[in-house]
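Peer 1: A structural model of the following input is requested.
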Amino acid sequence: MIVVSDTSPISNLLLIGRLDILHRLYQEIIIPPAVHSEVIALKSLGKSTVEYTSAECEAIALAIEIGCEWLLMDERRGTRIAREHGLRTIGLAGVLIEAKRKNVVSEIGPLLTDLKSNAGFWLGERLEATVLLKAGE
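Peer 2: Have a look, this model is predicted:
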């Protein structure tokens, strides 16, 4: 399965040392140049300092261009725009649910805790409860 990713799913997993989840789930992960720049900034500075807007636009354009199966994106505005263009999107929480279903991870609760504590990942209480319920936790 070929996917295009925006910065957020990659950077959040990178910050908790679990980028392997994406590699184990997807055959090929393609990122546009703006996402690459943000990930490099994250690695070198410990956080991303680049505007997300250009990365979202590039990720959407690339996903449309190559006709990928999924666009990995967490940002609401970008997700809405991508869906308006007929793209299928999945956020990091959805990726984690899929990882559990495919036995890539045994639990996602600890990953969500780690993401919130160490990566600054935001997930509302109701959404977190829904995600854990869908994962059978």
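Peer 1: Break down this protein into its strands, ranges please.
Peer 2: 2-5, 28-30, 70-72, 89-90 (DSSP state E).
Peer 1: so what strands line up beside the third one?
Peer 2: In this case it means strand 70-72. Strand pairing for strand 70-72, using DSSP bridges, gives strand 2-5 (parallel), strand 89-90 (parallel).
Peer 1: now the strands of the chain in CSV, with mean pLDDT, distance to Leu123 and mean neighbour count?
Peer 2: Where you see a C-beta, it was placed from the backbone N, CA and C, and this is true even at glycine. Below are the strands of the chain laid out as CSV (pLDDT from 0 to 100; distance: least, C-beta to C-beta, whole Å; neighbours: other C-beta atoms under 10 Å):
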stretch, mean pLDDT, distance to Leu123, mean neighbour count
strand 2-5, 93, 18, 24
strand 28-30, 93, 22, 16
strand 70-72, 96, 16, 25
strand 89-90, 97, 15, 20
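Peer 1: For Arg101, which of these is the nearest?
Peer 2: Comparing those against Arg101 with C-beta to C-beta, the closest turns out to be strand 89-90 (12.5 Å).
Peer 1: what about the closest one, distance to the chain center?
Peer 2: 8 Å (C-alpha atoms, centre = their mean, to the nearest Å).
Peer 1: In the chain, where is pLDDT below threshold?
Peer 2: Across the chain, residues meeting the criterion (pLDDT under 70) sit at 42-54.
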